[in-house]
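Chemist: Quick one, structure for this:
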Amino acid sequence: MVSSAECPPKNTDQGFWVGSAVSIALSLVMKLVGCSIQQVGIGGFMGKSMLVRQTACVHKVQIRCIEYVLRQKGFTMGKVAILCGGPDWPTSVLAGILKLPLIEMLVGTLPIIFFIIPCALTGSFYLKSNDPTSMLASASSLMALASLIVTGVLWAISAWAVQQALEEHPEEVTRPLVENVHLEWLDYRSEYVRKKLKTTWSSISPGVRLVWTFGVLTQIFVCHCFQWLFTSLVGKFAVSDSIDTLTFIAGFNAEDGLFTYQSLALIGVYAFAWSGHVVYCIWKRRALGPGRLAALKECDEMEAKWKEEYIKMCKLKAPTDAGAAGDAKVADSRETEVDADDEVVGGYSVHV
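Modeler: I've put the predicted structure just below:
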């Protein structure tokens, strides 16, 4: 929108279309740069971190299905749909963790241009919404609809590809893997501690319950005030208006600017109401702290045995020789550095 409005010569059709083209090109470059940073910077360099791997859920069935699709040779419809329509965090980070070729992933992401074009033009055409003589006055809504359609198509194809991987190769994407033993243990430990520290409403201190409830009701009240009295609390400022005409503080009248004193006061009250949740978090840490330490100590005592049993289960469900070659390639791409005090398990260093 800014490029279309400010690109010289300003206020001309030539500047408008050149600016629109620039915004499309910049959006594509930003998308590719973002994917590169996430794949190389996070997935590549930080992929050895168990925290990153757990956050990316690389051991979960859904992500393993995505992994299977991304490992396919060439550019299948499902692979391109996942690269273009999938969320950047798990998709690009997963590609880095799996050490997939960056250039191949970027080339597979290029069709995202068919989403970027209508999305960028939505903002550009919005500038023409106040010009009744322009044919583009109503095109902004059309481009927004086109963006939603492209997004829906990409998600549908991605879901179809993931479902196909699950149905056609269930054993490969669902069987437990030895190299995921530490990730599975972290999930088990988190769930074990959560069950041990399960908190009920009656177990919370009455004073904490009162403060927390007051904070919740206050925030609900503020939200309803903005819902019912929005035009009286907040002024109007279209994205196509000049920033030079903006008055941030409107005083008591919403027509004199953007935010009235009343709206700022309500925002302050809403922020202060968060103190109820802060009080609850402090109480929870103090009340459940000893129990958490005890639960973690219990986990430490059972960790070695649990991992040993998990590894045995993985070996019992190991693939046949026919599928061993493909699994060997997967394991080779997951090799990590090994510390001297760690045991090598499935290409990973696992402290036991």
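Chemist: how close does residue 24 sit to residue 242?
Modeler: Residue 24 is 24 Å from residue 242, where distance means Cβ to Cβ, to the nearest Å. C-betas here are computed from N, CA, C, even on glycine.
Chemist: And those two? Which one has more around it.
Modeler: residue 24 (19 against 9; other Cβ atoms under 10 Å).
Chemist: ok, the more buried one - contacts?
Modeler: 113, 116-117, 120-121 (Cβ atoms under 8 Å, 6 or more residues apart in numbering).
Chemist: separation between residue 305 and residue 298?
Modeler: In this view, residue 305 and residue 298 are 12 Å apart by Cβ to Cβ.
Chemist: who's more crowded, the two?
Modeler: residue 298 (14 against 10).
Chemist: May I ask which helix or strand encompasses that one?
Modeler: helix 275-316 (DSSP states H and E).
Chemist: top of the contacts of residue 24 by neighbour count?
Modeler: residue 120 (25 neighbours).
Chemist: Quick one: list the elements packing against the host helix or strand of that one.
Modeler: If you go by DSSP H and E, residue 120 is part of helix 113-126. Judged by 3 or more Cβ pairs under 8 Å, 6 or more residues apart in numbering; DSSP states H and E, the packing partners of helix 113-126 are helix 2-6, helix 13-36, helix 139-168.
Chemist: Need the contact partners of that helix.
Modeler: For helix 113-126, the external contacting residues (Cβ under 8 Å, 6+ apart) are 1, 3-4, 16, 19-20, 23-24, 27-28, 31, 84-85, 136, 139-140, 143-144, 146-147, 150-151, 154, 239-240.
Chemist: Among these, the buried ones, what's the PyMOL command?
Modeler: To isolate the buried members of the contacts of helix 113-126 in PyMOL, using 16 or more other Cβ atoms under 10 Å:
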select buried, resi 1+3+4+16+19+20+23+24+27+28+31+84+85+136+139+140+143+144+146+147+150+154
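Chemist: about what we covered before: tell me which of the helices and strands packed on helix 113-126 approaches residue 283 most closely.
Modeler: Of all the helices and strands packed on helix 113-126, helix 13-36 sits nearest to residue 283, with 39.9 Å by Cβ to Cβ.
Chemist: C-terminal to the closest one, what's the next element?
Modeler: Per DSSP H and E, helix 13-36 leads on to helix 45-46 as the next helix or strand towards the C-terminus.
Chemist: what about that next one, average pLDDT?
Modeler: The pLDDT scores in helix 45-46 average 82.
Chemist: Stretch 87-95 too?
Modeler: In this model, stretch 87-95 has an average pLDDT of 80.
Chemist: which of the residues in it are buried?
Modeler: Under the neighbour-count criterion of 16+ other Cβ under 10 Å, stretch 87-95 has 90-95 buried.
Chemist: tell me which of the residues you listed is nearest to residue 158?
Modeler: Nearest to residue 158 out of the buried residues of stretch 87-95 is residue 91 (Cβ to Cβ; 9.4 Å).
Chemist: Settle this for me: the closest one is touching residue 80, isn't it.
Modeler: No: with contacts counted by Cβ atoms under 8 Å, residue 91 stays clear of residue 80, the gap being 11.7 Å.
Chemist: So which bits of stretch 49-58 are buried?
Modeler: 52-54, 56-58.
Chemist: got TSV for those, with secondary structure and pLDDT too?
Modeler: Below are the buried residues of stretch 49-58 laid out as TSV (DSSP: H, G, I helix; E, B strand; the rest coil; pLDDT from 0 to 100):
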residue	secondary structure	pLDDT
52	helix	80
53	helix	84
54	helix	85
56	helix	79
57	coil	84
58	coil	84
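Chemist: Farthest-apart pair in those, please.
Modeler: Farthest apart among the buried residues of stretch 49-58 by Cβ to Cβ are 52 and 57. That separation is 10.7 Å.
Chemist: wait, residue 105 sits on residue 92?
Modeler: Yes: with contact defined as Cβ under 8 Å, residue 105 counts as touching residue 92 (7.5 Å).
Chemist: How is the chain partitioned into domains?
Modeler: Split into domains by the TED database, the chain comes to 17-175, 191-317.
Chemist: comparing those, which gets the lowest mean pLDDT score?
Modeler: domain 17-175 - the lowest mean pLDDT of the domains of the chain, at a mean of 86.
Chemist: And the residue nearest the centre of the chain?
Modeler: Centroid-nearest residue in the chain, with Cα atoms, centre = their mean: residue 89, separated by 5.3 Å.
Chemist: For that one, give its distance to residue 99.
Modeler: Counting by Cβ to Cβ, the gap from residue 89 to residue 99 is 18 Å.
Chemist: and if you look at residue 163?
Modeler: Distance from residue 163 to residue 99, by Cβ to Cβ: 26 Å.
Chemist: Residue 310 too?
Modeler: 25 Å.
Chemist: and the domains of the chain, which is most packed in?
Modeler: Mean neighbours per residue, mean count of other Cβ atoms under 10 Å, is largest over the domains of the chain for domain 17-175, with a mean of 17.
Chemist: Report the separation between the two terminal residues of that domain.
Modeler: End-to-end distance for domain 17-175: 53 Å, by Cα to Cα, to the nearest Å.
Chemist: Stretch 194-202 now?
Modeler: First-to-last residue span, stretch 194-202, Cα to Cα: 17 Å.
Chemist: can you list contacts of the strand or helix carrying residue 267?
Modeler: Residue 267 is part of helix 261-273 when elements are defined by DSSP H and E. Around helix 261-273, the neighbours that count as contacts under Cβ under 8 Å, 6+ apart are 214-216, 218-219, 222-223, 225-226, 232-234, 249-252.
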